[in-house]
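A.B. asks: need a structure here:
(2 chains)
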2 protein chains.
Amino acid sequence: MADIAEECAVTDSKPISTIVIIIAMRSEALPLVNTFKLLEDTDSLFPVGVPWVRYHGMYKDLKINIIWPGKDRTLGVDSVGTISASLVTYASVLALKPDLIINTGTAGGFKAKGADIGDVYIVSEVAFHDRRIPIPIFDQYGIGFRKSFATPNLVTNLNLKVDKLSTGDSLEMSPVEKESIENNDAAIKDMEGAAIAYVADILSVPIIFIKAVTDIVDGGKPTAEEFLNNLAAVTATLQQKVTQVVEFINGRCLEDL
Amino acid sequence: MADIAEECAVTDSKPISTIVIIIAMRSEALPLVNTFKLLEDTDSLFPVGVPWVRYHGMYKDLKINIIWPGKDRTLGVDSVGTISASLVTYASVLALKPDLIINTGTAGGFKAKGADIGDVYIVSEVAFHDRRIPIPIFDQYGIGFRKSFATPNLVTNLNLKVDKLSTGDSLEMSPVEKESIENNDAAIKDMEGAAIAYVADILSVPIIFIKAVTDIVDGGKPTAEEFLNNLAAVTATLQQKVTQVVEFINGRCLEDL
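C.D. replies: Predicted structure coming up:
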């Protein structure tokens, strides 16, 4: 470990030790849980009653925590969307004090911005497309533009696409939301990213996003159908890429990513 | 206190002791802070970096905590909307273990459902109007329908209007959102309620909502302008009603509300 620490570009910096990976859907999380041989918590870090699930373990020199917001206790579906993602990120950061948050999962892509099914993106900037507050400054608060932690070496090394992400709580998009996504200049859309970035920001934890495209939003097919058809294959691609990202992170310092 | 406890309808029940009042905007919170002579925390309950503010004190037999999500650290505006409200509710419940949550603040009203400027509502049911997920069961998760804690005696005693609330992260509404609000059968709309209800639900804390109408959404005037014009006057009305609600709660048990 001493050798690796000496490689850090910044004096007194240490290699990344603890990472929290936030994943909204169980089907997106499980392949990675298996890859890293993680175990589900038997004694939850989280309050009684919340459905949040933590899988954890060591992978090489990294303490890896995959956090999934779990299934809605009443309805039994994955607790997708910004509110669950915000809460589980907040609780995980307080409990685990990670050096880095990774939010990974599937996304819709815009062919007009060059996205194709199965593409894996690292996100440069995030914003919301469904928080319209037409009062000066509140409008910017609603959009919630934030930059991700910059990882130029990671991007070059893994040959990932880099572009902007727009977040909203609907799987499809209304005409008004389409306009907002265009204003956000986003190539991909998801249902959690900008919310997780908000929590990472207020708690001062660096965050990166790795998103794989399951459906083309500006194509001819209904989003829900295309999403469900491609979910398994795209999740497998995502598993490979996230594993490569974690391999790259292992032994490195934040500023060397 | 013994006398009051003996009045509780349910054996072993005790009068309500601690309440958390979640209010999204400072201008909505301060009149109540003054009424109850609350003090701002000098040593925050919350993590370093978050802008959340707690005002607290005793009012008669009640430990009252008014929680305001604070001003966005970068932009300086109130941290409105579902994400901040969810986070601050979660953190407040864990820290304070309240017997009851009250979410109060201003709302838009629908004249088609009988709402008028200055009306004060107690909310029967909440739902979201901007979380459209057209996959079976996920669609219901997105709508997030929840009932408030029932307070029939409070409603009768204070002569409050009772109706449904719909929540979304935009101040105005798009045509698609208008349709969702109509499907939710809501008389009023806000930007936090259903999110706070979600957190109250997963943490098993009873919640009620008291909302005052600042603007008529289905009227002729622009929402933002009407909202800002009526904010001060409606906040004063809300101050009176919330004070009456707190007076009514004092010394009573949950099941007697």
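A.B. asks: continuing past the helix or strand of chain A with the lowest mean pLDDT, what's the next helix or strand?
C.D. replies: Least confident helix or strand, chain A: helix A:2-6 with a mean of 45, by mean pLDDT, DSSP states H and E. Counting by DSSP states H and E, the element after helix A:2-6 in chain order, helix or strand, is strand A:18-22.
A.B. asks: Direction included, what does that next one pair against?
C.D. replies: strand A:62-68 (parallel), strand A:100-109 (parallel) (DSSP bridges).
A.B. asks: So for it, what gets flagged as buried?
C.D. replies: Residues of strand A:18-22 classed as buried: A:19, A:20, A:21, A:22 (neighbour count, 16 or more other C-beta atoms under 10 Å in any protein chain shown). Placement of C-beta: from N, CA and C, glycine included.
A.B. asks: got a markdown table for those, with pLDDT too?
C.D. replies: Output for these, formatted as a markdown table (pLDDT from 0 to 100):
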| residue | pLDDT |
| --- | --- |
| A:19 | 98 |
| A:20 | 98 |
| A:21 | 98 |
| A:22 | 98 |
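A.B. asks: Quick check: residue A:110 touching residue A:213?
C.D. replies: No. With contact defined as C-beta atoms under 8 Å, residue A:110 does not reach residue A:213; the gap is 9.2 Å.
A.B. asks: what sits in contact with each of these two?
C.D. replies: Common neighbours of residue A:110 and residue A:213 (criterion: C-beta atoms under 8 Å, 6 or more residues apart in numbering or on different chains): residue A:188.
A.B. asks: Run the angle between the helix or strand containing residue A:224 and strand A:18-22 for me.
C.D. replies: Assigned by DSSP H and E, residue A:224 belongs to helix A:223-249. With axes from the mean of the first three to the mean of the last three C-alpha atoms, to 10 degrees as the basis, helix A:223-249 and strand A:18-22 are set at 170 degrees to each other.
A.B. asks: Does helix A:223-249 reach chain B?
C.D. replies: Yes. Judged by C-beta under 8 Å from any C-beta of the partner chain, helix A:223-249 comes into contact with chain B at A:223, A:224, A:228.
A.B. asks: Mind giving me the packing neighbours of that helix?
C.D. replies: Here helix A:223-249 touches strand A:18-22, helix A:26-35, strand A:62-68, strand A:100-109, strand A:120-128, helix A:152-158, strand A:207-216, going by 3 or more C-beta pairs under 8 Å, 6 or more residues apart in numbering or on different chains; DSSP states H and E.
A.B. asks: if we look at the shortest one, which residues are touching it?
C.D. replies: The set of residues external to strand A:18-22 that reach it, using C-beta under 8 Å, 6+ apart, is A:32, A:62-67, A:85, A:88-89, A:92-93, A:96-104, A:192, A:196, A:242, A:246, A:249.
A.B. asks: Out of the residues you listed, which end up buried?
C.D. replies: Applying 16+ other C-beta under 10 Å to these flags A:32, A:62-67, A:85, A:88-89, A:92-93, A:96, A:98-104, A:192, A:196, A:242, A:246, A:249 as buried.
A.B. asks: List the contacts of residue A:75.
C.D. replies: B:137, B:140, B:141.
A.B. asks: Adding neighbour count, write those residues out as TSV.
C.D. replies: Listed next are those as TSV, based on neighbours: other C-beta atoms under 10 Å in any protein chain shown:
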residue	neighbour count
B:137	12
B:140	15
B:141	23
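A.B. asks: Show the overlap between these and what lies near chain A.
C.D. replies: B:137, B:140, B:141.
A.B. asks: which helices and strands sit right next to the helix or strand where the second one lies?
C.D. replies: Under the assignment given by DSSP H and E, the secondary-structure element containing residue B:140 is helix B:138-143. Counting contacts by 3+ C-beta pairs under 8 Å, 6+ apart, helix B:138-143 is packed against strand B:120-128.
A.B. asks: hmm, the strand it packs on touching chain A?
C.D. replies: Yes. Using C-beta under 8 Å from any C-beta, strand B:120-128 reaches chain A at residue B:128.
A.B. asks: List the neighbouring strands of that strand plus their orientation.
C.D. replies: Applying DSSP bridges, one finds strand B:120-128 paired with strand B:146-147 (antiparallel), strand B:161-167 (parallel), strand B:207-216 (antiparallel).
A.B. asks: Tell me how far that strand lies from the chain's centre.
C.D. replies: How far strand B:120-128 lies from its chain's middle: 9 Å, per C-alpha atoms, centre = their mean, to the nearest Å.
A.B. asks: which residues sit against it?
C.D. replies: Contacts of strand B:120-128 (C-beta under 8 Å, 6+ apart): A:169, B:107, B:115, B:142-148, B:151, B:154-155, B:160-168, B:180, B:184, B:186-188, B:193-195, B:197, B:208-213, B:237-238, B:241.
A.B. asks: what's the average pLDDT for it?
C.D. replies: Taken as a whole, strand B:120-128 carries a mean pLDDT of 98.
A.B. asks: got the CA positions of it in CSV?
C.D. replies: As requested, the backbone C-alpha atoms of strand B:120-128 are provided in CSV (Å, rounded to 0.1, in the frame of the first residue of the first chain):
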residue,chain,number,x,y,z
VAL,B,120,-56.7,26.5,4.5
TYR,B,121,-56.9,22.8,3.9
ILE,B,122,-56.2,19.7,5.9
VAL,B,123,-55.1,17.1,3.5
SER,B,124,-56.9,13.7,3.3
GLU,B,125,-54.7,12.0,0.7
VAL,B,126,-51.5,12.7,-1.2
ALA,B,127,-50.1,11.6,-4.5
PHE,B,128,-47.4,12.7,-7.1
